[in-house]
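**Student:** Turn this into a structure:
(one chain, ligands or ions: 2)
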Amino acid sequence: MGNQKNAFWGFVIVMVGVLFLSALVDHRRSIERISYSAFLKRVERGDVAKVSISGQDVTGHFKNGTQFQTVVGQFTSDWSVLRAHGVEFSVENQAHQIHWWFLLPLLLLCGAMGGIVWFIIRQTRGSGGGQGGNVFMMGKSKARMYVPSAIKDTFASVAGAQEAKEELQDMVEFLKDPKKYERLGAKVTRGVLLVGEPGNGKTLLARAVAGEAHCTFLSISGSDFIEVFVGVGAARVRDLFAQARKHAPCIIFIDEIDAVGRHRGSGQGGGNDEREQTLNQLLTEMDGFQTGGGTVIVMAATNRADVLDKALLRPGRFDRRIEVPYPDLKSREQILTLHAQTVKMDPSVDLHKIARGTPGFSGADLANLINESALIASKTDRKTIIVDDLENARDKMMLGAERKSYMMTEEDRKITAYHEAGHALAILLRPTYTDPLHKVTIAPRGAALGVTHYIPEREKYSKTKEEFLASITLALGGRAAEELIFGQVTSGAYSDFKAATHEARSMVCRNGMSDLGCVVYGQQQGDFSYSQATAEKIDEQVHKIITTCYQDVCVLLRENKDKLDSLAHALLEKETLYAAEIYELLAITPRVDHRFNA
Ligand code: ADP
Ligand code: ZN
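**Tutor:** Ligands and ions are numbered 1, 2, ... in the order given. Coordinates of the predicted model:
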């Protein structure tokens, strides 16, 4: 794309140069322009050898060989002076007076315009399969197409990212043998949304799926659809899907889908028409999958899933969402190991230690780290990369990027570990009323420092008072652990408090689970409105519930401080722990109530 632009400007510059030169050459044909009086004088002096007359233009040669040109008065027809001085002359028919070199600049101009038009066509056609078609081909998608033999990536090229790979395995199976799924009557997800910060391997994963399934890979960026001309984006989408169906089995990969998929009517200036048309076309094409549509899968990447239009996420469209988070400790080590294979790493380098020292690095950052260290090592006379090189490379990268997550200190990690351990224990020690724990991690993800995941147990139609209290307790577990261990508290528990407050309010205002009794309180104005006095009573009740739960979880954690310590230490060591590992570590009997085969 950049290359094509350069070529285009290069072409324009050359053309302008040619035009300029040709004009110059025209003036410099070493023709002497002289006045009519000077001409007559030279004739009388006998300097002139030969003239040719065409209308008012007179050209000719002096005896010394120089060419000259002059213009005579409109009605001069008396050429006797020439004859008198023995000048050889000829009079030409006026029709021949246009000299071909006057046409030259015009021809060149036409050539230049033609060239520009040709480049515009090439530009809009893109480098994808641009064969045949209509003249202007504005709609031709700009997708880059990779045939199966050109795709070298497989799941083996993606280190870590275990969960994402497992989830994508289905897609691979489907692309390999769609008939199998049809036979079983299974509906296969055709749209996968890969969500994660840049550099964590979304593109790599998508290409790896194509590599595993030996299918065609069509790659395009969401911003490629956005054009000035209304309708072009939609035409490109149509063309993209047509191309995909032609090359099925095929994966369409749309990077930065938020460029087209932004929630409609989110109004950024006026001209949203084009984007909306493009988005609508995309939705239409995806709906077409339900009625056949070949073995085509659409994978889209974004780090802003929150801004996407809800219509994109409906069943039959991008209904599978796969997180591609920053790699945790184990994944970082695996990524480093993979990329270290392409360089000469000294055997003394312990990549586990390097992984520990790079929290918050993305996969691309880690690949870059290895590459930088190789560059640094190549400036020495050593044959291999040693720890110092990696250290220097990391310093260089951290200076370059003001990324907060890089700056996570050991102290921050420790606080985060206890905070998350606090949440986790609040779940584990109150098993009856909480959802089962899935995993706990202190690997930084964007803004959040750590996350405790639990699996929502079942579709809940009703929730008991105990369950409400347990979820408040669980939300407050993080802060309680911090206070218990460090005797001080940090910011960053805002979303926990928000969740706790929300639950408590809903107990009081909607579910009749407080001293205020079985009443519904809505907004302060409108339906089920309430007075200022009642507002104060509600606040009082919410406060009471939260305080009680907080005291409760403090007691719980204090009584289980040994468990809190060992869980926090394990998190500092491993960064991510799955439920099974935690059960084992803390010698807690796993819950059986949700197993299918229990
Ligand atoms: P994204 O699409 O999420 O922005 P990419 O897939 O373009 O990220 O990743 C950029 C590069 O970072 C890859 O080409 C690869 O070299 C490296 N990388 C990222 N994640 C991984 C991973 N899990 N394993 C190996 N390399 C990775
Ligand atoms: Zn928390």
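
**Student:** For Lys63, grab the count of nearby residues.
**Tutor:** The number of residues packed around Lys63, counting by other C-beta atoms under 10 Å, is 13. (Glycine included, C-beta is placed from N, CA and C.)

**Student:** Spatially nearest residue to it (excluding sequence neighbours)?
**Tutor:** Ala49 (4.7 Å; C-beta to C-beta, 6 or more residues apart in numbering).

**Student:** List phi and psi for the residue in the stretch 1-150 of the chain that ligand 1 sits nearest to.
**Tutor:** Distances between the stretch 1-150 of the chain and ligand 1 by C-beta to the nearest ligand atom are smallest at Arg144, namely 13.8 Å. Here is the backbone geometry of Arg144 (degrees, to the nearest 10): phi -90, psi 130.

**Student:** Need the pLDDT of it.
**Tutor:** For Arg144, the pLDDT comes out at 87.

**Student:** Test for you: state the pLDDT assigned to the residue nearest to Lys63.
**Tutor:** Reading off the confidence values, Ala49 has pLDDT 85.

**Student:** for Val12, same thing?
**Tutor:** Value for Val12, per-residue pLDDT: 65.

**Student:** give me the number of residues near Asp306?
**Tutor:** 9.

**Student:** Wasn't it part of a helix?
**Tutor:** Yes - looking at Asp306 with DSSP: H, G, I helix; E, B strand; the rest coil, it is inside a helix.

**Student:** Nearest spatial neighbour of the residue in the chain that ligand 2 sits nearest to, chain-adjacent residues omitted?
**Tutor:** Closest residue of the chain to ligand 2, C-beta to the ion: Gly478 (3.4 Å). Take Gly478 and drop its neighbours on the chain: the residue closest to it by C-beta to C-beta, 6+ apart is His419, 4.0 Å away.

**Student:** now Lys50
**Tutor:** Distances taken as C-beta to C-beta, 6+ apart put Glu88 closest to Lys50, at 4.6 Å, once the chain neighbours are dropped.

**Student:** Tell me which residue of the chain is positioned farthest from its centroid.
**Tutor:** Within the chain, the residue lying farthest from the chain centre (C-alpha atoms, centre = their mean) is Ala84, at 86.0 Å.

**Student:** Can you read off the backbone torsions of it?
**Tutor:** Phi and psi for Ala84, reported as degrees, to the nearest 10, are phi -60, psi -30.

**Student:** Can you name the residues that contact it?
**Tutor:** Counting by C-beta atoms under 8 Å, 6 or more residues apart in numbering, Ala84 touches no other residue.

**Student:** On the pLDDT front, check the residue in the chain that ligand 1 sits nearest to for me.
**Tutor:** In the chain, the residue that lies nearest ligand 1 is Gly363 (2.2 Å; C-beta to the nearest ligand atom). pLDDT recorded at Gly363 is 94.

**Student:** Quick check: it vs Pro327, distance?
**Tutor:** 6 Å (C-beta to C-beta, to the nearest Å).

**Student:** what do the two both touch?
**Tutor:** Gly160, Asn200, Ile335.

**Student:** buried subset of those residues?
**Tutor:** Those of the shared contacts of Gly363 and Pro327 that meet the buried threshold are Gly160, Asn200, Ile335, by 16 or more other C-beta atoms under 10 Å.

**Student:** filter these down to the ones near ligand 1?
**Tutor:** Gly160, Asn200, Ile335 (C-beta under 6 Å from any ligand atom).

**Student:** residues touching the second one, list them.
**Tutor:** Applying C-beta under 8 Å, 6+ apart to Asn200 gives the contacts Ala161, Val324, Pro325, Tyr326, Pro327, Ser362, Gly363, Ala364.

**Student:** which one of these sits closest to Glu503?
**Tutor:** Pro325 (26.5 Å; C-beta to C-beta).

**Student:** Quick check: nearest residue in space to Asp287, chain neighbours excluded?
**Tutor:** According to C-beta to C-beta, 6+ apart, the nearest residue to Asp287 is Gly316 (6.4 Å).

**Student:** ok now do that neighbour, which residues does it touch?
**Tutor:** Taking C-beta under 8 Å, 6+ apart as the criterion, Gly316 is in contact with Arg190, Gly191, Met286, Asp287, Phe289, Gln290.

**Student:** just to revisit the earlier point, ok, the residue nearest to Lys50 - how many residues close by?
**Tutor:** 13.

**Student:** how about the residues of the stretch 351-500 of the chain that lie near ligand 2?
**Tutor:** Taking C-beta under 5 Å from the ion as the criterion, the stretch 351-500 of the chain approaches ligand 2 at residues Gly478, Asp496.

**Student:** So, low pLDDT: which residues of the stretch 351-500 of the chain?
**Tutor:** 398-408, 444-461 (pLDDT under 70).

**Student:** make it 50
**Tutor:** Low-confidence segments of the stretch 351-500 of the chain (pLDDT under 50): 401-405, 446-447, 457-459.
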